[in-house]
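Undergrad: have a look; sequence and predicted model below, questions after that.
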Amino acid sequence: MNIKKAKQEIKDTIEAYLLKDSFGEYVIPAVRQRPVLLIGPPGVGKTQIMEQISGECGIGLVAYTITHHTRQSAIGLPFIEKQTFGGKEYTVTEYTMSEIVASVYHKMEETGLSEGILFLDEINCVSETLAPAMLQLLQCKSFGNHKLPQGWIIVAAGNPPEFNKSVREFDVVTLDRIKKIDVEPDFAVWKEYAEKEGVYPAVQTYLNIKPQYLCQIERTVDGKRFATPRGWDDLSDLLKVYEKLGKKADRDVVYQYIQHPAIAKDFANYLELYEKYRREYKVDEILSGTIRESVCRQAAKAPFDEKLSLVGLLLSKLSGCFASCQEKSGDLELMMEKLRRHKEPISALQEISGEYEEKKKEELLTVRQEQRYRRVSALLEGCIQELRESQKTDAEEVWQWLRQWFGKESDDYEAMKEKGGRMLECAFDFMEAAFGTGQEMVIFVTELNSNFYCIAFLEEYDCSRYYEYNKNLLFEDREQDLLKRLEKTEFGV
């Protein structure tokens with residue numbers, strides 16, 4: 001199963017495990033709540049989805065890479081205690097609380113969340129001395145004498161033996177007490193994630209052309225060679241920062257993330273070509289309405305991989321603009337919700353600040369949600385300052401002033417949307433001038449159909465040519481045929 005489906009499966013499991021009856025007891029008792037075990041190749045997103053799941057379910061998360069721990073940190077340190085049995089006193093070995101179990105209780109105190117996930121990564125790679133404690137946890141939900149608190153669900157992850165020589169196979173007794181989910185890399189799922197999260201455009205375009213390189217792990221006589229989704233994601237972050245700093249990522253830099261020599265070389269070559277296409281085609285000019293005949297001729301005569309890169313550049317710019325529109329729309333919705341409730345900005349700001357601090361304490365905010373709270377808070381602070389300068393004090397006057405102020409913010413959003421619409425129309429102008437209704441247009445409109453931000457924008461903006469092409473072209477069948485032709489394409493400079 002792909003990581004997106006695995007994520008939903010875990011969320012469904014959590015919902016089932018945390019369901020309570022009319023007496024406040026869990027419908028599935030803790031002893032029958034099987035731990036979830038995710039098995040899949042490295043870098044496919046197993047760890048990443050746990051943060052998303054805890055935030056979306058509104059529960060806590062304690063995460064450990066278990067190979068970093070010893071038996072002592074798992075079950076606690078021994079100490080001598082005196083106990084009386086049958087009227088006679090004996091010395092008995094007791095154990096301090098498990099560091100891992102203690103972390104769960106600390107998390108409950110810090111966040112105020114009584115339910116959550118204990119996530120243990122690399123669970124099938126533990127040392128020989130720690131293995132019995134891990135099996136006890138999976139089977140009994142306890143470390144030594146210390147049980148996990150009720151409402152805390154165990155999710156563990158590990159790699160198949162072909163990816164890690166340290167892997168220990170679980171016996172049938174253990175496997176019969178867990179919920180095992182096998183995860184495989186899926187390019188379509190990664191592509192959806194990449195578009196939504198703004199993965200560096202060159203990475204997206206390259207992997208659109210060569211999806212087989214998203215996750216490739218090999219053992220050779222010279223050692224391991226691999227490319228993983230995590231590697232591409234981290235490389236994307238570096239490339240975005242390098243672009244801001246005016247730095248260049250060469251083959252050596254790429255190899256630091258994509259540790260497969262052939263793939264690293266191929267992508268480094270493509271990256272040079274991508275930068276060349278960006279300089280030559282001047283996409284910003286195209287999307288502002290300047291469409292040069294010489295550029296159209298160059299695009300029409302270009303090799304097919306160059307055409308795909310150009311389409312990718314256009315889509316990247318459009319997606320960025322559409323993402324900003326959706327961001328602004330979400331900010332306005334949050335701000336309007338609070339202003340309607342309070343009728344004045346200071347109380348609205350106080351509520352937003354309170355929500356932000358509470359969710360931050362509970363560690364339930366994603367980066368995007370945190371940024372939204374900060375942006376809206378900054379807008380309201382500016383609003384309060386302007387209101388003070390206007391010297392309005394009457395409640396009705398304040399509300400009328402606020403409506404006008406919010407109207408200006410709404411006008412800014414409408415201007416952003418109009419700009420996005422003009423960019424989309426200019427993109428269609430160029431595509432028609434350079435490629436007509438050919439295969440490039442098929443791919444362009446198909447990508448509009450699948451991109452998260454493009455879909456959201458097109459729900460509000462009426463683009464007649466988009467609907468016309470969407471109706472008349474058979475996208476999926478033609479695109480798959482085209483991409484198959486590219487599987488053996490190699491880039492050279």
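TA: Structure received.

Undergrad: low-confidence regions, the chain specifically.
TA: Low-confidence segments of the chain (pLDDT under 70): 69, 163-167, 473-493.

Undergrad: what residue spans form the domains of it?
TA: Here the domain parsing of the chain from automatic domain parsing is 3-74+100-184, 185-281, 288-493.

Undergrad: so how far is the last one off the chain centroid?
TA: When you say that, I think you mean domain 288-493. The chain centre lies 18 Å from the centre of domain 288-493; the measure is C-alpha atoms, centre = their mean, to the nearest Å.

Undergrad: and what of stretch 212-224?
TA: In terms of C-alpha atoms, centre = their mean, the centre of stretch 212-224 is found 25 Å from the chain centre.

Undergrad: pull out the buried positions in that stretch.
TA: By 16 or more other C-beta atoms under 10 Å, the buried positions in stretch 212-224 come out as 213-217. In this view, the C-beta of every residue, glycine as well, is placed from N, C-alpha and C.

Undergrad: cool, stretch 327-345 as well?
TA: Neighbour-count burial for stretch 327-345, counted by 16+ other C-beta under 10 Å, picks out 327-329, 331-332, 334-335, 338-339, 344-345.

Undergrad: list of residues touching that stretch?
TA: Stretch 327-345 is contacted from outside by 348-349, 351-352, 372, 375-376, 379-380, 383-384, 387, 395, 398-399, 402, 406, 409-410, 412-413, 416, using C-beta atoms under 8 Å, 6 or more residues apart in numbering.

Undergrad: report all helices and strands that the lengthiest helix in the chain contacts.
TA: In the chain, taking DSSP state H as the definition, the longest helix is helix 395-435. Packed against helix 395-435 by the contact rule (3 or more C-beta pairs under 8 Å, 6 or more residues apart in numbering; DSSP states H and E) you find helix 283-287, helix 293-301, helix 304-342, helix 367-390, helix 439-450, helix 452-458, helix 464-472.

Undergrad: sorry, back to before: in JSON lines: the domains of the chain, plus distance to residue 94.
TA: Formatted as JSON lines, the domains of the chain follow (distance: least, C-beta to C-beta, whole Å):
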{"stretch": "domain 3-74+100-184", "distance to residue 94": "8"}
{"stretch": "domain 185-281", "distance to residue 94": "42"}
{"stretch": "domain 288-493", "distance to residue 94": "32"}
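
Undergrad: between the ones you listed, which gets nearest to residue 82?
TA: Of all these, it is domain 3-74+100-184 that lies closest to residue 82, at 16.7 Å by C-beta to C-beta.

Undergrad: what's the first-to-last distance across the closest one?
TA: One end of domain 3-74+100-184 to the other measures 7 Å (C-alpha to C-alpha, to the nearest Å).

Undergrad: now find how far off-centre it is within its chain.
TA: 20 Å.

Undergrad: what does stretch 73-85 give?
TA: Here stretch 73-85 is found 43 Å from its chain centre; the criterion is C-alpha atoms, centre = their mean.

Undergrad: mind listing residues that contact it?
TA: Residues outside stretch 73-85 that contact it (C-beta under 8 Å, 6+ apart): 66, 89-100, 130, 133-134, 137, 143-144, 146.

Undergrad: do stretch 14-33 as well
TA: Taking C-beta under 8 Å, 6+ apart as the rule, stretch 14-33 contacts 53, 57, 59, 115, 117, 141, 150-151, 153.

Undergrad: my guess is residue 305 meets residue 208, correct?
TA: No: taking contacts as C-beta atoms under 8 Å, residue 305 lies outside contact range of residue 208: 10.4 Å.

Undergrad: show me what contacts residue 127?
TA: Counting by C-beta under 8 Å, 6+ apart, residue 127 makes contact with 67, 70-71.

Undergrad: could I have the buried ones of the contacts of stretch 73-85 as PyMOL selection syntax?
TA: Typed into PyMOL, the line below selects the buried ones among the contacts of stretch 73-85, using 16+ other C-beta under 10 Å:
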select buried, resi 66+95+97+98+99+100+130+133+134+137+143+144+146
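
Undergrad: let's see which of the contacts of stretch 73-85 end up in helices.
TA: 99-100, 133-134, 137.

Undergrad: and which of those residues is nearest residue 39?
TA: When the ones in helices among the contacts of stretch 73-85 are compared for distance to residue 39 (C-beta to C-beta), residue 134 wins out at 14.6 Å.

Undergrad: tell me how far the nearest residue to that closest one once chain neighbours are set aside lies from residue 142.
TA: In space, and not counting its chain neighbours, residue 134 is closest to residue 126: 5.3 Å by C-beta to C-beta, 6 or more residues apart in numbering. Note on residue 126: its distance to residue 142, by C-beta to C-beta, to the nearest Å, is 16 Å.

Undergrad: who has more neighbours, these two?
TA: Ranked by neighbour count (other C-beta atoms under 10 Å), residue 126 and residue 142 place residue 126 first, with 23 against 15.

Undergrad: residue contacts, that one?
TA: Residue 126 makes contact with 66-67, 134, 168, according to C-beta under 8 Å, 6+ apart.

Undergrad: dump the residues you listed into a markdown table; add distance to residue 300 as well.
TA: Formatted as a markdown table, the contacts of residue 126 follow (distance: C-beta to C-beta, whole Å):
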| residue | distance to residue 300 |
| --- | --- |
| 66 | 57 |
| 67 | 55 |
| 134 | 61 |
| 168 | 58 |
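
Undergrad: where exactly do the strands run in the stretch 1-150 of the chain?
TA: For the stretch 1-150 of the chain, the strands defined by DSSP state E, counting those that start in this stretch occupy 36-39, 60-65, 78-85, 88-95, 116-121, 142-143, 146-147.

Undergrad: quick one on the thing from earlier: quick one: the longest helix of the chain to helix 439-450, angle?
TA: On the basis of axes from the mean of the first three to the mean of the last three C-alpha atoms, to 10 degrees, helix 395-435 is oriented at 150 degrees to helix 439-450.

Undergrad: tilt between helix 395-435 and helix 304-342?
TA: Going by the same axes, to 10 degrees, helix 395-435 makes 170 degrees with helix 304-342.

Undergrad: helix 395-435 versus helix 367-390: what angle between them?
TA: 130 degrees.

Undergrad: Serialize the ones in helices among the contacts of stretch 73-85 to a markdown table and add fields for distance to residue 365.
TA: Below are those laid out as a markdown table (distance: C-beta to C-beta, whole Å):
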| residue | distance to residue 365 |
| --- | --- |
| 99 | 26 |
| 100 | 25 |
| 133 | 33 |
| 134 | 31 |
| 137 | 29 |
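
Undergrad: and the furthest pair within the residues you listed?
TA: Farthest apart among the ones in helices among the contacts of stretch 73-85 by C-beta to C-beta are 99 and 134. That separation is 14.1 Å.

Undergrad: next, the contact list for residue 444, please.
TA: By C-beta under 8 Å, 6+ apart, the contact list for residue 444 reads 311, 314-315, 427, 431.

Undergrad: hmm, 10 Å instead?
TA: The contact partners of residue 444, taken as C-beta atoms under 10 Å, 6 or more residues apart in numbering, are 308, 310-312, 314-315, 318, 427-428, 430-431, 435, 466, 469, 475.

Undergrad: would you mind measuring from it to residue 204?
TA: Counting by C-beta to C-beta, the separation of residue 444 from residue 204 is 14 Å.
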